[in-house]
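J.: for reference, the sequence and a predicted model appear below.
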Amino acid sequence: MTRHFQLVFCLLASLWPGLLLAEELRVGFGPADGMPYVDVSDHALLGGFIHRLGERIGKDLAVTVSFVETPNKRIEESLKSGRIHVICNANPEWMVDAAAYHWSPPLFEEEDVLVQHRDSPPISSLADLKGKVLGTSLGFAYSVPLMEAFANHDVERKDVRDLDTRINLLSRKRLDAIIDMRRALAYELTVRPDAPLVFSPWVVERYPLHCAYGSRLPVAPERLDATLQGLRDSGELELLLQSEQHRAALQDH
């Protein structure tokens, strides 16, 4: 390396320390989250809120973004190893080692709710669920009372690989109910207007959703925090969610 080139290199490094060591931002996505959050085909993320959010973050931070499929049971391992740098649609209560990660400001609220067959009596509480089979997502943690009901065998937990399969099983009455995020269930019912399914009146749990960052995040966590908070406070996050939710209505027509 010539002395002149060394000087230019050092100058660039001092002015833009992230430029010469730029690394892509690997964003994890949960394949079981469903739309409006993720549109997945052959293990690739094709669209949905997480895809649009990742692209928006990449634009604001001037980094390349890639999307990595990350099932629920592999989230913590993937964050710690650097396989992924960040995953959203997350909550500290769902992590075994939540203190090991940096948590973004809360992005928006979600809630776990049930969908049941319209011919069944309404499930209005945990007591109504006793003795029934509930379709769940593999590796997902639910409210403490519901997890205790599974452990005590008061409610049978039936892990099913994806939401589409759970809805089909419920439609054929092979499950008594299914549980998922309200937005994901609302999307699926919109694209299936003839499905014999209805929402239960019971809200199992409400919670905020965040992004969790691993220790190998290639940008300063404070920069990503500021970007996400700005998107939230401006209302852009809610608009992104709404636009993805509206895709279901457009597809139906």
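T.: Received it, and whenever you're ready, just let me know what you need.
J.: burial of Val40, as a residue count?
T.: The criterion is other Cβ atoms under 10 Å. On that basis, Val40 has 23 neighbouring residues. Where C-beta positions appear, they are placed from N, C-alpha and C, glycine not excepted.
J.: and the residue nearest to it when sequence neighbours are not counted, backbone torsions?
T.: Residue nearest to Val40 in three dimensions, not counting chain neighbours: Pro31, with 5.1 Å by Cβ to Cβ, 6 or more residues apart in numbering. Here is the backbone geometry of Pro31 (degrees, to the nearest 10): phi -60, psi -20.
J.: pLDDT score for Pro31?
T.: We note a pLDDT of 90 for Pro31 in this prediction.
J.: and for the one 3 residues further on?
T.: We note a pLDDT of 88 for Gly34 in this prediction.
J.: got it, and Arg247?
T.: According to the model, Arg247 carries a pLDDT of 74.
J.: that one contacts Met35, doesn't it?
T.: Yes - under the contact definition of Cβ atoms under 8 Å, Arg247 touches Met35, with a separation of 7.3 Å.
J.: pLDDT (mean, whole number) over the helix or strand containing Ile178?
T.: Assignment of secondary structure by DSSP states H and E places Ile178 within strand 177-181. Per-residue pLDDT values over strand 177-181 give a mean of 97.
J.: please apply the same query to stretch 232-241.
T.: If you average the per-residue pLDDT over stretch 232-241, you get 95.
J.: just to revisit the earlier point, helices and strands around whichever helix or strand comes after the strand holding Ile178, which ones?
T.: With elements assigned by DSSP H and E, the helix or strand that comes after strand 177-181 is helix 182-191. Taking 3 or more Cβ pairs under 8 Å, 6 or more residues apart in numbering; DSSP states H and E as contact, the helices and strands that helix 182-191 lies on are strand 108-117, helix 163-171, strand 197-213, helix 236-252.
J.: burial of Ala184, as a residue count?
T.: 22.
J.: quick check: it vs Leu217, distance?
T.: With the distance defined as Cβ to Cβ, to the nearest Å, Ala184 ends up 27 Å from Leu217.
J.: how about Asn91?
T.: 19 Å.
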